[in-house]
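Student: got a structure for you, letters missing:
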């Protein structure tokens with residue numbers, strides 16, 4: 001196995017609004033969201049409550065994490081393989097504690113590298129912010145405090161694809177399509193996660209979707225590094 005794949009943990013998170021609707025927020029949080037909603041620019045005319053249900057989940061101040069998907073490269077009968085699993089819970093504190101325990105017990109924090117698509121802008125800081133909100137200690141692999149740039153072992157596939165272009169956002173789905181990468185996604189997409197969670201009680205469906213994103217991210221990373229993709233038969237998903 002390529003040395004660069006050792007101790008590389010691929011991560012993807014799924015988030016939802018912290019409350020099922022705007023009306024259930026405290027008066028203070030309603031005021032804060034009303035201010036936030038002013039900065040959400042769109043041609044669509046929607047109410048503050050509609051914007052909350054559709055967009056609050058992307059902000060760590062108003063959302064919560066319900067699924068964390070992880071993928072680990074390894075060798076299987078001499079071939080590259082990928083093991084994918086997910087942590088999921090309605091209780092965010094329980095979910096984060098389980099993930100922190102996994103990080104700290106399975107890996108050496110000095111050699112662990114974290115990989116995500118747009119991970120540096122979304123997944124990694126979101127995890128850290130929600131850990132702070134829930135009074136949990138941030139694992140060393142995520143904590144940037146006091147570290148020099150070369151001491152931060154975070155890899156971002158979107159950043160790799162940018163090649164220095166600061167203004168370009170490219171979705172994971174687009175890159176997977178561009179590179180002819182097969183994914184094992186469910187029948188939902190990111191824009192539907194909040195509705196699936198609150199209206200369908202579909203946490204398991206969201207977890208399946210998240211694991212699909214982990215697989216896609218891992219394969220995109222291999223492609224960007226000029227490495228062979230993992231054969232579909234060597235991708236092992238553990239519920």
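Tutor: Okay, I see it. All values reported here derive from a predicted model rather than from experimental measurement. Residues are numbered from 1 along each chain as shown.
Student: list the residues that contact residue 80.
Tutor: Contact analysis of residue 80 by Cβ atoms under 8 Å, 6 or more residues apart in numbering lists 1, 2, 5, 73, 228, 230, 231, 234. Backbone N, C-alpha and C define where each C-beta goes, glycine included.
Student: from residue 35, how far off is it?
Tutor: 48 Å (Cβ to Cβ, to the nearest Å).
Student: which regions of the chain lie under the pLDDT threshold?
Tutor: 41-43, 184-186 (pLDDT under 70).
Student: tell me where it has strands.
Tutor: With DSSP state E, the ranges of strands along the chain come out as 8-17, 63-76, 79-88, 113-116, 154-156, 235-238.
Student: list the buried ones in the third one?
Tutor: Spelled out, that is strand 79-88. Neighbour counts over strand 79-88 (16 or more other Cβ atoms under 10 Å) mark 80, 81, 82, 84, 85, 86, 87, 88 as buried.
Student: which stretches in the protein count as helices?
Tutor: Using DSSP state H, the helices of the chain run over 27-37, 48-55, 92-106, 124-133, 157-162, 172-178, 193-200, 203-224.
Student: and the nearest residue to residue 213 once chain neighbours are set aside, what does it touch?
Tutor: Nearest residue to residue 213, sequence neighbours excluded (Cβ to Cβ, 6 or more residues apart in numbering): residue 12, at 4.2 Å. Contact analysis of residue 12 by Cβ under 8 Å, 6+ apart lists 68, 69, 116, 117, 123, 210, 213, 214, 217.
Student: tell me which two of the residues you listed sit farthest apart.
Tutor: Using Cβ to Cβ, the contacts of residue 12 span at most 14.4 Å, a distance reached by 68 and 117.
Student: so those two - more neighbours on which side?
Tutor: Using other Cβ atoms under 10 Å as the criterion, residue 68 and residue 117 rank with residue 117 on top: 30 against 24.
Student: what separation do you get for the more buried one and residue 190?
Tutor: Applying Cβ to Cβ, the value for residue 117 to residue 190 is 11 Å.
Student: got it, and residue 206?
Tutor: For residue 206, the distance to residue 190 - Cβ to Cβ - is 10 Å.
Student: of the two, who's got more company?
Tutor: Legend: neighbour count by other Cβ under 10 Å for residue 206 and residue 190, higher for residue 206 (25 against 16).
Student: against residue 174, how distant is the more buried one?
Tutor: Taking Cβ to Cβ as the measure, residue 206 falls 21 Å from residue 174.
Student: just residue 217 next, same as before
Tutor: With Cβ to Cβ as the criterion, residue 217 and residue 174 are 13 Å apart.
Student: neighbour count winner among these two?
Tutor: Comparing residue 217 with residue 174 by neighbour count (other Cβ under 10 Å), the higher total belongs to residue 217, at 30 against 11.
Student: show me what contacts the more buried one?
Tutor: Contact analysis of residue 217 by Cβ under 8 Å, 6+ apart lists 10, 12, 71, 115, 116, 117, 157, 172.
Student: taking the residues you listed together, which two end up most distant?
Tutor: Longest distance between any two of the contacts of residue 217 is 13.2 Å, between 71 and 172; criterion Cβ to Cβ.
Student: contacts for stretch 84-94?
Tutor: By Cβ under 8 Å, 6+ apart, stretch 84-94 touches 64-72, 95, 98-99, 102, 130, 134, 136, 203-204, 206-207, 210-211, 214-215, 218, 235-239.
Student: what about that stretch, start to end distance?
Tutor: Using Cα to Cα, to the nearest Å, the end-to-end distance of stretch 84-94 comes to 20 Å.
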